[in-house]
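Asker: Okay, predicted coordinates and the sequence, questions at the end:
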Amino acid sequence: MSGHNRWTKIKHKKEAMGATKGAAFTKISRELTVSARIGGGDPDNNFRLRAAIDAARAVNMPGDTLQRAIKKGTGELEGVAYEELRYEGYGPSGIAVIVECVTDNKNRTASEIRSLFSKGGGNLGESGSVNFLFDRKGVVEVKAGPSEDQVMEAALEAGAEDVVDAGEDGFEVRCDTGATFQVAEALSKKGFKLGETKVRFLPLNTIALDAEATHKALRLLNNLEDCDDVQSVYSNADFDEAALDEE
């Protein structure tokens with residue numbers, strides 16, 4: 001597994017172990033609210049919401065907290081009007097960075113993101129300044145167990161484009177963004193156990209970093225991740241494996 005992918009797995013494991021549970025609750029609550037606002041509060045008819053509910057359960061979010069977030073999205077409870085925003089820029093060693101946010105105050109968020117880029121040795125760019133370096137795809141994680149041939153056959157039948165072996169973590173099924181939840185639904189119905197399901201920015205090429213550059217880049221990316229308004233951070237950095245082990 002590349003250093004780029006390992007960083008993602010490390011983040012997920014920290015959340016599952018509770019190391020960043022408070023931040024995870026905040027981010028997932030906002031996703032629950034936005035998902036319910038866009039597609040309704042019935043997870044059977046809103047797979048984005050169902051994926052958010054699965055994420056909430058993975059970090060042991062209390063049921064009443066989960067339901068309140070959904071009801072704020074459907075309007076059953078008074079809630080904050082959240083807006084989805086995206087920022088792009090460059091980090092240390094010229095790595096490209098995309099930051100997805102959900103916020104109730106875009107001026108506050110823009111100021112904070114700009115400050116984090118600056119303090120982290122990077123700079124915030126204009127919209128479209130780095131997204132050409134990424135491919136935006138739907139990604140459905142299939143947990144380990146089935147063979148690659150089994151996953152591939154079911155995925156292609158469901159409308160997916162590719163299946164990537166993620167080693168002991170299982171497989172990543174990749175598809176057109178518009179087919180993300182359709183593919184996930186089809187795989188779920190066939191009995192596959194799914195992990196995270198979401199639209200991601202996948203780097204077309206990565207920039208290999210040495211140990212020193214890895215530590216600098218991780219400081220920026222982790223600080224961005226820790227921002228309450230930030231939902232996802234993507235980069236084209238390929239981190240030094242030994243440096244990742246020190247994190």
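Answerer: Alright, I've got the coordinates. Given the structure is predicted, the values throughout are model-derived calculations rather than measurements.

Asker: okay, now the domains of this protein?
Answerer: 3-74, 83-132+206-245, 133-203 (automatic domain parsing).

Asker: Quick check: beta-bridge partners of Val102?
Answerer: With DSSP bridges as the criterion, Val102 is bridged to Glu84.

Asker: Flag every buried residue along stretch 200-218.
Answerer: 200-201, 203, 206-207, 209, 213-218 (16 or more other C-beta atoms under 10 Å). Heads up, the C-betas are built off the backbone N, CA and C, glycines and all.

Asker: What separates the first and last residues of that stretch, distance-wise?
Answerer: Using C-alpha to C-alpha, to the nearest Å, the end-to-end distance of stretch 200-218 comes to 19 Å.

Asker: Mind checking which of the buried residues of stretch 200-218 are in strands?
Answerer: 200-201, 203, 207 (DSSP state E).

Asker: quick revisit: want to throw the buried residues of stretch 200-218 into CSV with distance to Asn131 and pLDDT?
Answerer: Below are these laid out as CSV (distance: C-beta to C-beta, whole Å; pLDDT from 0 to 100):
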residue, distance to Asn131, pLDDT
Arg200, 12, 92
Phe201, 7, 95
Pro203, 11, 94
Thr206, 16, 94
Ile207, 16, 94
Leu209, 21, 94
Ala213, 22, 94
Thr214, 23, 93
His215, 26, 93
Lys216, 23, 94
Ala217, 19, 94
Leu218, 22, 92
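
Asker: Which one of those is nearest to Gly178?
Answerer: Proximity to Gly178 was ranked across these by C-beta to C-beta; first place goes to Arg200, at 14.2 Å.

Asker: helix or strand right after the helix or strand of the chain with the lowest mean pLDDT?
Answerer: Ranking every helix and strand in the chain by mean pLDDT, DSSP states H and E puts helix 3-17 at the bottom, with a mean of 60. Heading C-terminal from helix 3-17, the first helix or strand you meet, by DSSP states H and E, is helix 21-39.
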